[in-house]
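**Student:** next comes the sequence, and after it the predicted model I'd like to discuss.
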Amino acid sequence: MHLYREIYIVILLFASNFVYAEDGMLDELSETKSAELCYALTKHILNYTNSLDNELKAYKVINHTQHYQLDQLSEKMKVSEEKLFNSLSNLTNTENQLQSEREKVEVIEKELSKIQLKLNNTENQLRTTHKKLNLTEEKLFKIQIQLKNTEKSLYETQFKLNNTEKRLQSEMKLVNETEDTDLLYEKCEKREKKFEKIGDKYYYIEKSEQLTWFDAAMKCANWNSHLAIPQTDLEWTNLMPKLSADDRYWIDLIRLGNRKFFLSETTGKTLKLDKWLPDEPNNDYKMENCAEIRFGEGLNDAPCEFLKYFICESNNEYGYNCKS
């Protein structure tokens, strides 16, 4: 660098002397002036070269710093590239795993579709089976109703036969006993007074034992009486206060066979009074063929097989063909 500086100085001195020589001024200049001029020029050039040298040093420092920063940045880029490469590798592995999982999901979805199809078929089969079961249940229910009606008809027929037999036995007994009137009166005097006179009729109101309608009718027949059947408003009014609240009692009204109305089993006639509760008789479930009386309310139809209290009616207080 110093060599360049000396060359610059010599060139400048030579150039300046050459300029003054051309103008004819060399003889006039003294050595001092020439030295001063050379010194000034040299100083100016030295200052300029020093400035250039400082700038070059500063540039080198900056350049060194930038090279260092570039090296650091290069290292960081290498690290980043490695990380990016690893990330890309991981991403590739993840994509491969996802593809594998997608394939598994597709397989599972296909299996689920098959299972869903089987479930749909099973549901359809179950619906069909359920419909068949409902039809079968309906048929069974109808058969049960037919069996109950048949059983009821048989029971009614048996009841009538038994009742007829009891009446015949009673009549035969009565015929035998009427041969000796004194004996009849004597027996009547010894009998328990089972029936209570209520108005113009005699009634026995059962309040402890509950029976089916047919068993209740047989019980009354055994006492030479029958289930009660109030025929007038007065009889109804007289009987009602004797009943217990919330209790229900069988009376002599029944619907036999396919008849749409109730008849007295004793008289074979319908009830003259309209004492049925609202919307009754409704023959619910096609099984309500016997009549019950409710305290303070009225008449209702009910299944004959239900157990209830009952009311017997007689022509005397003994329940026998005795004169009161």
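**Tutor:** Yep, it's here. Numbering: from 1, shown residues only.

**Student:** what about Gln69, which helix or strand?
**Tutor:** Under the criterion of DSSP states H and E, Gln69 resides in helix 31-178.

**Student:** just how off-centre is that helix within its chain?
**Tutor:** Shown here is helix 31-178, whose average C-alpha point lies 26 Å from the average C-alpha point of the whole chain (Cα atoms, centre = their mean, to the nearest Å).

**Student:** mind listing what the most centrally placed residue in the chain touches?
**Tutor:** In the chain, the C-alpha closest to the average C-alpha coordinate belongs to Glu123, at a distance of 18.7 Å (Cα atoms, centre = their mean). For Glu123, no residue meets the contact criterion (Cβ atoms under 8 Å, 6 or more residues apart in numbering). C-beta coordinates here come from the backbone N, C-alpha and C atoms, glycine included.

**Student:** pLDDT score for it?
**Tutor:** The predicted local confidence for Glu123 comes out at a pLDDT of 86.

**Student:** then Ser264?
**Tutor:** According to the predicted model, the pLDDT of Ser264 comes to 92.

**Student:** same question, Leu46
**Tutor:** pLDDT at Leu46 comes out at 80.

**Student:** and it, how far is that from Ala40?
**Tutor:** For Leu46, the distance to Ala40 equals 11 Å [Cβ to Cβ, to the nearest Å].

**Student:** between those two, which is the more surrounded one?
**Tutor:** Regarding Leu46 and Ala40, a neighbour count based on other Cβ atoms under 10 Å identifies Leu46 as having more, with 14 against 10.

**Student:** can you give me the strands for the stretch 151-300 of the chain?
**Tutor:** Along the stretch 151-300 of the chain, the segments classed as strands by DSSP state E, counting those that start in this stretch run 196-198, 201-205, 226-227, 248-254, 288-294, 299-303.

**Student:** roughly how far apart are Thr129 and Gly268?
**Tutor:** Computed with Cβ to Cβ, the distance linking Thr129 and Gly268 is 51 Å.

**Student:** which of the two has more residues huddled nearby?
**Tutor:** Set side by side, Thr129 and Gly268 show unequal neighbour counts under other Cβ under 10 Å, the larger going to Thr129 at 10 against 7.

**Student:** what residues are up against the more buried one?
**Tutor:** By Cβ under 8 Å, 6+ apart, Thr129 has no neighbours at all.

**Student:** look at it and report its pLDDT.
**Tutor:** Among the per-residue scores, Thr129 shows a pLDDT of 82.

**Student:** same check, this time on Lys57
**Tutor:** The predicted local confidence for Lys57 comes out at a pLDDT of 84.

**Student:** so how far is His67 from it?
**Tutor:** When Cβ to Cβ is the yardstick, Lys57 and His67 sit 15 Å from each other.

**Student:** next: Asn283.
**Tutor:** As it turns out, when the distance is counted by Cβ to Cβ, Asn283 lies 114 Å from His67.

**Student:** again, but for Arg127
**Tutor:** Here the distance between Arg127 and His67 works out to 85 Å (Cβ to Cβ).

**Student:** now do the helices in the stretch 201-324 of the chain.
**Tutor:** Along the stretch 201-324 of the chain, counting by DSSP state H, counting those that start in this stretch, helices occupy 213-222, 233-239.

**Student:** which elements pack onto the first one?
**Tutor:** For helix 213-222, the helices and strands in contact under the criterion 3 or more Cβ pairs under 8 Å, 6 or more residues apart in numbering; DSSP states H and E are helix 31-178, strand 226-227, strand 248-254, strand 309-314.

**Student:** my guess is Tyr309 meets Asp247, correct?
**Tutor:** Yes - with contact defined as Cβ atoms under 8 Å, Tyr309 counts as touching Asp247 (5.7 Å).

**Student:** so the two - more neighbours on which side?
**Tutor:** Neighbours per residue, other Cβ under 10 Å: of Tyr309 and Asp247, the larger number sits with Tyr309, 20 against 16.

**Student:** OK, contacts around the more buried one?
**Tutor:** For Tyr309, the residues meeting the contact criterion (Cβ under 8 Å, 6+ apart) are 205-207, 209-210, 247-250.
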